[in-house]
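sequence first, then the predicted structure:
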Amino acid sequence: MHKIAMLGTGLIGRFYTMSLLNFRGKDQIVVTCANTKDEAEKFAREFVIPKYTADMAEAIRDPEVDTVVIGLPNYLHKKAALLAIEAGKAVLCTKPLATNSSDALEMFEAAEKTNIFHGYLEDLVYTPKTLKALDAAHNGALGKILWARSRETHAGPHSDWFWSKELSGGGAIVDMGCHCIEIARSFIGKGIQPTEVTCWADTQVHPIDVEDHAIGLVRYENSAIGQFEVSWSFRGGMDLRDEIAGTEGTIWLNHWLRTGFEMFTSVGQSGYVAEKAEGETGWLFPVGDEVGSLGYVEMFLDMFNSMDKGTPPKEDFYDGYIVNAIIDACYKSVKSKKWEPVELKYWRGGQISQKEKGLKEYDDQHYLIKEEKMPDGRLKVILKDKKTGTFSQVIKD
Ligand SMILES: NC(=O)c1ccc[n+]([C@@H]2O[C@H](COP(=O)([O-])OP(=O)(O)OC[C@H]3O[C@@H](n4cnc5c(N)ncnc54)[C@H](O)[C@@H]3O)[C@@H](O)[C@H]2O)c1
């Protein structure tokens, strides 16, 4: 059983609390913290949390607490994590780990040095669909992963601090690119090093100093490519999709707008529909179980079960640091308009878990390029001569 300090009672504090209260039935949030005592008290009353405060150090140092969950604005992650580590408490931090990679590195190094359990709360690699898709990919169902594309777009975040570069560290790339980068990295293989990036970003709509739209490519050492597409200017709700392409297969995942629950109402229901839904009437795309669909439940199961077993969770501060390093390279590329290297102080390598599929043999003399059934019913086989390099085709009736 763990005793938790929940730092932050906003959108993510609420989702985390709903997940934690429901999932293992044995952990307890003993103190909650918000910017004002009133906000913390209101939240504590709603979720029957015994203590509340507006002082994060007080919540972290509470002697009952053994685990600190950070759901605060980005600029406070480092301060909260270092306080938790100093107090000897396990620390679980939401995404992005930090506003830049040097802060992320400091957090990672502090946790490692003191042997404190650290988890990076990247929920979108824990959605039930993603877990199943990752299993399939890692078991070789897609062959070698060539391209992992991940997209998160909506009409912009729900709190003032996200829009300020000083408090958030950046725009849509920091806010949502972090999810997409880690999703692509998880499919491509965490043991495969991200080497360089190219990125376009612009501020197309809002009067802000950060990007509200960006597209980036992350190249990996085995030539796989991760692609992210993020926007704070996209209308129509939250579009959350992934596409994975390998030498032997493809996966398409749609997490939000088209999940199989579509509803039309001309009058509305006077209530919340789903995160970032833009309206309450017309065609709506509600989500049955938001905390489950977004991966929070599986994520906390992994975090707390790993903590109990004394093993690292699937996502820890090292992963958060890699993501922040990729994001830093993206911002360099936006400025230079060139490919920029991903600079990592630590690269730990790891298992390349996909089966590498090599060239396909057709016979002693040829490689098989492809086979296709034509509209006339015949099979066309395209071949390449191993010695001369010439292409030929065989048509089979
Ligand atoms: N899918 C996800 O993993 C996901 C989704 C949304 C947000 N987030 C992340 O969660 C973090 C918080 O985002 P949010 O959407 O909940 O923001 P929010 O604005 O809804 O809530 C922020 C909370 O932090 C509290 N807070 C602010 N300053 C504080 C201080 N000095 N001391 C104590 N409390 C303070 C506020 O009172 C509020 O309760 C961000 O890092 C964001 O990127 C993650």
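On my side now, so go ahead. None of these values were measured; they are calculated from a predicted model.

just the buried residues of stretch 323-333, please?
Neighbour counts over stretch 323-333 (16 or more other C-beta atoms under 10 Å) mark 323, 324, 325, 326, 327, 328, 329, 330, 331, 332, 333 as buried. Yep, even glycine has a C-beta here, placed from its N, CA and C like the rest.

same check, this time on stretch 284-298
284, 285, 287, 290, 291, 292, 293, 294, 295, 296, 297, 298.

so what's residue 134 scoring on pLDDT?
pLDDT recorded at residue 134 is 97.

so what's it closest to, chain neighbours aside?
residue 186 (6.0 Å; C-beta to C-beta, 6 or more residues apart in numbering).

count of residues packed around the residue of the chain found nearest the ligand?
At 1.8 Å from the ligand, residue 10 is the closest residue in the chain, using C-beta to the nearest ligand atom. Other residues near residue 10 come to 17 when the count uses other C-beta atoms under 10 Å.

what about the closest residue to it other than its chain neighbours, neighbour count?
With sequence-adjacent residues excluded and distances taken as C-beta to C-beta, 6+ apart, residue 10 is closest to residue 159, at 6.4 Å. By other C-beta under 10 Å, the residues close to residue 159 number 11.

who's in contact with residue 159?
Listed by C-beta atoms under 8 Å, 6 or more residues apart in numbering, the contact set of residue 159 reads 10, 11, 73.

so the residue minimising distance to the centre of the chain is in which element?
Residue closest to the mean C-alpha point of the chain, counted by C-alpha atoms, centre = their mean, is residue 179 at 2.5 Å. Assessed by DSSP states H and E, residue 179 sits inside helix 178-188.

burial measure for residue 305, as a count.
With other C-beta under 10 Å as criterion, residue 305 counts 12.

relative to residue 371, how far out is it?
Per C-beta to C-beta, to the nearest Å, residue 305 is found 46 Å from residue 371.

how about residue 171?
Separation of residue 171 from residue 371 (C-beta to C-beta): 46 Å.

neighbour-wise, which of the two wins?
Using other C-beta under 10 Å as the criterion, residue 171 and residue 371 rank with residue 171 on top: 28 against 14.

name the nearest residue to the more buried one, sequence neighbours excluded.
Closest residue to residue 171 apart from its sequence neighbours, by C-beta to C-beta, 6+ apart: residue 210 at 3.1 Å.

where does the one you found land on pLDDT?
For residue 210, the predicted pLDDT is 97.

measure the residue nearest to residue 10 to residue 35 for me?
The gap separating residue 159 from residue 35 is 11 Å, by C-beta to C-beta.

any stretches of the stretch 251-397 of the chain with poor pLDDT?
351-358 (pLDDT under 70).

immediately after the biggest helix by length in the chain, which helix or strand?
Assignment by DSSP state H gives helix 317-336 as the longest helix of the chain. Sequence order places strand 340-341 as the next helix or strand after helix 317-336, per DSSP H and E.

who in the protein is up against the ligand?
The chain has residues 8-13, 33-35, 39, 56, 71-74, 76, 94-95, 121, 123, 159 near the ligand, with proximity defined as C-beta under 6 Å from any ligand atom.

which residue packs closest to residue 216, ignoring adjacent ones?
residue 199 (3.8 Å).

my read: residue 35 touches residue 54, true?
Yes: using C-beta atoms under 8 Å, residue 35 makes contact with residue 54 at a distance of 6.4 Å.

could I get the buried residues of stretch 284-298 as TSV with secondary structure?
Formatted as TSV, the buried residues of stretch 284-298 follow (DSSP: H, G, I helix; E, B strand; the rest coil):
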residue	secondary structure
284	strand
285	coil
287	coil
290	helix
291	helix
292	helix
293	helix
294	coil
295	coil
296	helix
297	helix
298	helix
